[in-house]
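> Compute the structure for the input listed below.
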Amino acid sequence: MGAKVESIDATKSYTRKDFISDQNIRWCPGCGDYSILAQMQRVMPEICEELNMPKENIVFVSGIGCSSRFPYYMNNYGFHTIHGRAPTIATGLRVSRPDLQVWVITGDGDGLSIGGNHLMHCLRRNIDVKILLFNNRIYGLTKGQYSPTSEIGKKTKSSPFGSIEKPINPLSIAIASKASFIARAVDTDVTNLRDILLQTARHRGSAFVEILQNCNVFNDNAFSSYTDRSVKEYRMVYLKDKEPLIFGKERDKAITMRPASSGILEPQIVNVKDVDASTLLKHDESSTSTALSYLLAQLDEEEFPVPLGVFRNISKPLYGELLDDQIAEATKKLGKGDFFKHLRSGDIWTV
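Sure, this is the predicted structure:
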């Protein structure tokens, strides 16, 4: 994809220009994808230097959708694959080529509708693949049908009287699949987005990042109720490891847990000055339990601030390494196999 790749030089120092391809960008003016692309091109030189990695060892794999044009605009190797199957292609590539850093670019339709099954198994296996899901809560490429993440009552070309389906929560899918790195960012919040991309690149294991991305043509201002500059300080909370969930312009609001009438603890918003600091809910991204990350992902955005940042960041064995160990052990026990002999063994017959 993109411009012709030069010979590999692991010692080369890169700039953003080295990751800008010669392809004309075919996104609508004002699309949030431009911001995500720009931040990715900015962080890549830093990642290559930090990991001592040539840019030719970084690969972008995409499915179908507006976001899936991404590999064309990055000046390194990539695949524009088929609808929903990008995680499958990425899995095969990463397992067979452990020297590569593999990214998947997908959207809420591509990744959570036809591709939901493939995404889930890529995450649960802990494939060392980094999945960025651009969530604009609409099908943009096919001109504005409701998607798996569209809110109830959403009126679109395919739901003229309003969607009657409860939307999928992308982060909850990733948490249930036990991805080892899970985060959320916003397309226009470039500082936080850049930080999330850097952390994603450094992580070893299955990484999932939901990026809230505005489609200004078919679903404009989908997230403005909490991303708009006039309200964001009260409507968003940035997750910081081992720190309480404090927000507000004066940093005077926080989230704590209270017992409900049923006896189950539930979150509530409190004034920091009115409670003991020890009662405030603290984030723990390295917890092996998914209870806290799931609770944060499920916070009602109408009632609570929307969490941004890293929800989960743990270390666990990589699928590729476990597979290599298993192959080595089997070879040690049984000797080197003959593929064609094995293929013709067992219950076979000639027609």
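> In a helix, Thr88, correct?
Yes. According to DSSP: H, G, I helix; E, B strand; the rest coil, Thr88 belongs to a helix.
> Ignoring the adjacent residues along the chain, who's closest to it?
For Thr88, ignoring the flanking residues on the chain, the nearest one in space by CB to CB, 6 or more residues apart in numbering is His118 at 4.9 Å. No exception for glycine: its C-beta is placed from N, CA and C like everyone else's.
> Can you give me the neighbour number for that neighbour?
If you count neighbours by other CB atoms under 10 Å, His118 ends up with 21.
> And for Thr156?
Quick note: Thr156 (other CB under 10 Å) scores 18 neighbours.
> My guess is it contacts Tyr146. True?
Yes. When contacts are counted by CB atoms under 8 Å, Thr156 is listed as touching Tyr146 (4.4 Å).
> Now do the shared contacts for these two.
Counting by CB atoms under 8 Å, 6 or more residues apart in numbering, the contacts common to Thr156 and Tyr146 are Ile138, Ser163.
> ranges for the helices of the protein?
33-51, 70-73, 86-96, 108-109, 116-124, 170-176, 190-202, 224-227, 232-235, 291-297, 319-334, 339-343 (DSSP state H).
> residues contacting Phe304?
Residues in contact with Phe304 (CB under 8 Å, 6+ apart) are Ile255, Pro267, Ile269.
> Which pLDDT value belongs to it?
At Phe304, the model reports a pLDDT of 97.
> And for Leu37?
Reported pLDDT for Leu37: 98.
> Just the buried residues of the contacts of Phe304.
Ile255, Pro267 (16 or more other CB atoms under 10 Å).
> can I get the contacts of Phe304 in JSON lines with distance to Ile82 and pLDDT?
What follows is these, written out as JSON lines (distance: CB to CB, whole Å; pLDDT from 0 to 100):
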{"residue": "Ile255", "distance to Ile82": "42", "pLDDT": "97"}
{"residue": "Pro267", "distance to Ile82": "41", "pLDDT": "96"}
{"residue": "Ile269", "distance to Ile82": "45", "pLDDT": "97"}
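> before we move on, the earlier item: wait, isn't the residue nearest to Thr88 in contact with Pro87?
Yes. Using CB under 8 Å, His118 is in contact with Pro87, at 4.4 Å.
> Which residue, other than its chain neighbours, is closest to Arg26?
Per CB to CB, 6+ apart, closest to Arg26 is Arg69, 6.3 Å.
> Please report how far that neighbour lies from Gln41.
Going from Arg69 to Gln41 by CB to CB, to the nearest Å gives 14 Å.
> now Pro167
31 Å.
> isn't Tyr146 right up against Gly140?
No. Applying CB under 8 Å as the test, Tyr146 and Gly140 come out as separate, 11.7 Å apart.
> Please list all residues in contact with His80.
Neighbours of His80 in contact, by CB under 8 Å, 6+ apart: Met1, Ser62, Ser68, Arg69, Pro71, Tyr72.
> Need the max-distance pair from the residues you listed.
Within these, Met1 and Ser68 form the most distant pair, 11.3 Å apart (CB to CB).
> what ranges do the strands span in the stretch 51-200 of the chain?
58-62, 77-80, 101-107, 129-135, 181-186 (DSSP state E, counting those that start in this stretch).
> helices or strands next to the third one in the packing?
Using 3 or more CB pairs under 8 Å, 6 or more residues apart in numbering; DSSP states H and E, the elements in contact with strand 101-107 are strand 58-62, helix 86-96, strand 129-135.
> C-alpha coordinates for that strand, PDB please?
Extracted in PDB, the C-alpha atoms of strand 101-107 (Å, rounded to 0.1, in the frame of the first residue of the first chain):
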ATOM      1  CA  GLN A 101       4.300  -5.000  14.500                       C
ATOM      2  CA  VAL A 102       0.700  -5.600  13.200                       C
ATOM      3  CA  TRP A 103      -2.100  -3.000  13.500                       C
ATOM      4  CA  VAL A 104      -5.800  -3.600  12.600                       C
ATOM      5  CA  ILE A 105      -7.900  -0.600  11.600                       C
ATOM      6  CA  THR A 106     -11.600  -1.300  11.800                       C
ATOM      7  CA  GLY A 107     -14.900   0.500  12.400                       C
END
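> Next, the angle helix 33-51 makes with that strand.
Strand 101-107 runs at 170 degrees relative to helix 33-51, counting by axes from the mean of the first three to the mean of the last three CA atoms, to 10 degrees.
> Which neighbours in the sheet does strand 101-107 have, and how are they oriented?
With DSSP bridges as the test, strand 101-107 is paired with strand 58-62 (parallel), strand 129-135 (parallel).
> okay if I get those as TSV plus distance to Tyr319?
Putting the strands paired with strand 101-107 into TSV (distance: least, CB to CB, whole Å) gives the following:
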stretch	distance to Tyr319
strand 58-62	16
strand 129-135	10
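> Let me know which of those is the nearest to Asp325.
strand 129-135 (19.2 Å).
> so how far is the closest one from its chain's centroid?
3 Å (CA atoms, centre = their mean, to the nearest Å).
> What lies in contact with that strand?
32-33, 36, 65-67, 87, 90-91, 94, 101-108, 111-112, 119, 122-123, 149, 170, 187, 200-201, 203, 206-213.
> ok, now with 7 Å
33, 36, 67, 87, 90-91, 94, 102-108, 111, 119, 122, 149, 170, 200-201, 206-213 (CB atoms under 7 Å, 6 or more residues apart in numbering).
> One more: stretch 33-53?
10, 13-16, 18-20, 27, 54-55, 58, 66-67, 70, 73, 101, 134, 187-188, 190, 193-194, 197-198, 201, 211, 213.
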